[in-house]
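Undergrad: got a predicted structure here, sequence first:
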Amino acid sequence: MNTDARPVRNRVYRNHHFDSRRWDAVRFRLDDIVIATSYKAGTTWTQRIVSLLILGPQKLSESLMTLSPWVDMRVVPIGDVVAHIDAQQHRRFLKTHLPLDALPWNDAIKYVYVGRDGRDVMMSWFNHWHSFTDEGIAFLNSGDLVGDPIPKCPDDVREFFDGWVHRASFPWEQDGWPMWSHLYHAQSFWNFRHLPNIHFVHYADLKADREGEMRRIARFLDIDVSQSTWPAIVERASFEAMKREAIEDEMPGGPSFFKNGVRDFFFKGTNGRWRDVLTREDLAEYDKAVERALTPDCAAWLERGRQAGDPKSV
């Protein structure tokens with residue numbers, strides 16, 4: 001491994017969901033935090049954890065998606081996003097779903113990468129996509145769309161899986177349709193795990209030891225939390241608390257974008273549901289996709305998290 005290597009931004013991602021060029025409008029601050037996942041891997045959970053570490057356990061002043069915007073999401077005017085984050089007085093934490101080779105690199109800021117077993121991502125994305133309303137799909141396909149529109153989700157999860165594991169939306173990827181490749185995304189960050197300003201978090205580890213993982217994130221971000229505050233922020237970072245708060249606040253766009261509002265956005269948060277759905281043949285096809293896209297060490301971490309040997313353990 002070349003420990004001097006730095007990421008190079010040499011890909012442009014544009015589709016029904018996002019546009020990587022939008023990051024050109026962002027003026028970084030030296031203490032910025034970028035939270036990166038492919039999708040359905042613990043993005044909102046990690047955003048909430050970081051919000052609690054920075055702002056404390058009190059109720060947020062605005063919705064999490066407004067406080068910590070998804071910069072590359074193409075259907076929200078980028079001028080509005082930049083104006084909002086430029087006005088923020090607290091330490092900023094921004095969300096992206098871009099692979100590292102499509103994201104601006106800055107040695108001074110912190111990147112938190114969140115991974116999850118691809119089979120769990122697949123099941124969670126199926127539920128997410130299947131819950132879209134016709135209005136939500138039309139919204140995603142509106143405006144300056146590049147590439148194919150996102151279709152309605154099939155009702156059969158195995159039909160969906162066949163497309164997800166065998167088709168790609170971009171020529172340099174080999175899977176992930178109709179989104180982008182979760183596997184390619186993971187490898188893009190794993191290739192630079194030696195860099196001191198990238199921190200790896202795994203969904204399974206958050207499930208197993210939420211407080212321990214929160215403390216690791218706090219150390220990485222150089223945030224000092226008083227011991228008396230930890231119980232409150234750990235409780236507020238539970239899946240149940242996040243779902244309850246989101247339902248109370250009803251996130252903007254929730255009722256029209258999802259059939260059951262934020263109840264669909266925050267579904268179950270569990271792992272292993274693919275075991276009751278995928279056949280032995282399906283799993284063999286997934287293994288082939290993993291072998292094509294991932295190095296063995298990245299594949300082991302993405303499946304098992306810290307149990308596989310944690311990069312840069314703290």
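TA: Structure received.
Undergrad: Cys153 reaches Thr133, doesn't it?
TA: No: here Cys153 lies out of contact with Thr133, judged by CB atoms under 8 Å, at a distance of 11.3 Å. Any C-beta I mention is one placed from the backbone N, CA and C, and that applies to glycine too.
Undergrad: ok, for Arg11, nearest residue in space, not its chain neighbours?
TA: Nearest non-adjacent residue to Arg11, counting by CB to CB, 6 or more residues apart in numbering: Ala102, 4.2 Å away.
Undergrad: wait, the one you found touches Val8, no?
TA: No: contact criterion CB under 8 Å: Ala102 and Val8 do not qualify, at 10.4 Å.
Undergrad: between the two, which is the more surrounded one?
TA: When neighbours are counted by other CB atoms under 10 Å, Ala102 and Val8 differ, and Ala102 comes out ahead with 24 against 9.
Undergrad: any idea how far Asp148 is from that one?
TA: Relative to Asp148, Ala102 is positioned 19 Å away (CB to CB, to the nearest Å).
Undergrad: what's the answer for Ala168, then?
TA: For Ala168, the distance to Asp148 - CB to CB - is 12 Å.
Undergrad: comparing these two, which residue is more hemmed in?
TA: Taking neighbours as other CB under 10 Å, Ala168 and Asp148 compare with Ala168 leading, 18 against 12.
Undergrad: quick one: contacts for the more buried one?
TA: Residues in contact with Ala168, defined by CB atoms under 8 Å, 6 or more residues apart in numbering, are 174-177, 181.
Undergrad: for those residues, give me JSON lines that also has secondary structure.
TA: What follows is those, written out as JSON lines (DSSP: H, G, I helix; E, B strand; the rest coil):
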{"residue": "Gln174", "secondary structure": "coil"}
{"residue": "Asp175", "secondary structure": "coil"}
{"residue": "Gly176", "secondary structure": "coil"}
{"residue": "Trp177", "secondary structure": "coil"}
{"residue": "Ser181", "secondary structure": "coil"}
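Undergrad: among those, name the buried ones.
TA: Buried by 16 or more other CB atoms under 10 Å: 174-177, 181, out of those.
Undergrad: where does the prediction get shaky in the protein?
TA: Within the chain, the stretches with pLDDT under 70 are 1-2, 246-255, 259-271, 310-314.
Undergrad: distance of the residue located most distally from the centre of it relative to Ala204?
TA: Distance from the centre of the chain peaks at Ser228, with 29.8 Å (CA atoms, centre = their mean). Separation of Ser228 from Ala204 (CB to CB): 29 Å.
Undergrad: strands of this structure, start to end?
TA: Using DSSP state E, the strands of the chain run over residues 33-36, 93-96, 110-115, 198-202.
Undergrad: what's the closest of the ones you listed to Ile54?
TA: Ile54 lies closest to strand 93-96 among the strands of the chain, at 6.9 Å (CB to CB).
Undergrad: one step back: who touches the residue nearest to Arg11 in this structure?
TA: Contacts of Ala102 (CB under 8 Å, 6+ apart): 9, 11-13, 20.
Undergrad: turn the residues you listed into CSV, including distance to Trp301.
TA: Formatted as CSV, the contacts of Ala102 follow (distance: CB to CB, whole Å):
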residue, distance to Trp301
Arg9, 24
Arg11, 22
Val12, 28
Tyr13, 23
Ser20, 25
